[in-house]
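K.L.:
sequence unknown, structure follows:
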């Protein structure tokens, strides 16, 4: 994995003014993946929007890590359900289109 897709955790924490332990706790709950390269720890850039949401949930709304874990799980379920609904709607449109011919 190239370093251009990674951000150093220390740098991320400094920018967001959060404790390093916040990221390690998210990792303990399986909410983020810490990537170790050359004796340093990184986060993947594609996960930053989700991590920033978790920062707001914890620091702004005072939601604990168990709550963040539950919210992340429910949001994942909703996303899966929305994808399934879109697939089903597309199949229904295709079926209706063939029925009208």
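P.N.:
Done, it's in. Keep in mind that what you see is a predicted model, and the values were worked out from it rather than measured.

K.L.:
so residue 41: helix, strand or coil?
P.N.:
strand (DSSP: H, G, I helix; E, B strand; the rest coil).

K.L.:
begin at 899 from now on, thanks
P.N.:
Sounds good: first residue 899 from here, last item residue 939.

K.L.:
pull the contacting residues for it.
P.N.:
Applying Cβ atoms under 8 Å, 6 or more residues apart in numbering to residue 939 gives the contacts 906, 907, 908, 932, 933. Backbone N, C-alpha and C define where each C-beta goes, glycine included.

K.L.:
the third one reaches residue 918, doesn't it?
P.N.:
Spelled out, it's residue 908. Yes. Between residue 908 and residue 918 there is a contact at 6.9 Å, judged by Cβ atoms under 8 Å.

K.L.:
got the residue ranges for the helices in this protein?
P.N.:
907-914, 918-926, 946-953, 963-997 (DSSP state H).

K.L.:
pull out the buried positions in the first one.
P.N.:
In other words, helix 907-914. Residues of helix 907-914 classed as buried: 907, 910, 911 (neighbour count, 16 or more other Cβ atoms under 10 Å).

K.L.:
with that, I have no additional questions.
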